[in-house]
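# Below are the sequence and a predicted model; questions follow.
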Amino acid sequence: VMYHAHPAHIVALTFLEELTDKAISRALWQSETEAPMVFPGGVGVVDCRVPGSMDLARASAEKMKEYDAVVWAHHGLFTSGPDYDTAFGLMHTVEKAAQVRVLVANAGGAKQQISDKEIRAIAEGCGVQIREAFLEDGPGECGAALESLFEKWCGKLRITPQWDVKLEPVRDPAWQKTGD
């Protein structure tokens, strides 16, 4: 399934960030913890092209060989998935991360962001492979805390290539007081 829309925040983000796959992907990953879980391979970016043109179609087709989400600079977003729910969910997550990034920029800029170390911890905790070429090493403040939360509250979270999410709950004796 292919899905195209004009989400306002991802369009706005293309005016704020460098128009490269790496820059836009990192900006999204650094803005919202779900982003590295849902699109660990990042997003592709096509620079400004004439809407509806064969040029835009060819550039998008080339990017879709590598990415499930392609940002069209100053225009919109194109996603794909095995079904509508997956394609829509991907678009929703990309747009939500872009919205956070734009809101933070509008509020005067970030005082902190999700570090590359934390992005790696999120990906590892979810069993997905992050696109390492898009990361740079940097200090993190909540990586260990995120790993601990995944272990304590979520159990082992695995996302298979078919986007089938499975939870294996962690049994903590302290939680057994309710008789559950």
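Sure thing, it's come through.
# tell me the phi and psi of A5?
phi -150, psi 180 (degrees, to the nearest 10).
# Hmm, I typed the wrong one, I wanted F78.
Dihedral angles of F78 (phi, psi; degrees, to the nearest 10) stand at phi -130, psi 120.
# Residue nearest the middle of this structure, spatially speaking?
A35 (2.4 Å; Cα atoms, centre = their mean).
# how about the residue nearest to I114 when sequence neighbours are not counted, what does it touch?
Residue nearest to I114 in three dimensions, not counting chain neighbours: Q30, with 4.8 Å by Cβ to Cβ, 6 or more residues apart in numbering. All C-beta atoms are positioned from the backbone trio N, CA, C, and that covers glycine. Counting by Cβ atoms under 8 Å, 6 or more residues apart in numbering, Q30 touches R101, Q113, I114, S115, I119.
# I'd like to know how far Q30 sits from H9.
Q30 sits 15 Å away from H9, going by Cβ to Cβ, to the nearest Å.
# next one: I24
I24 is 12 Å from H9, by Cβ to Cβ.
# which one of those two has more residues nearby?
I24 (27 against 17; other Cβ atoms under 10 Å).
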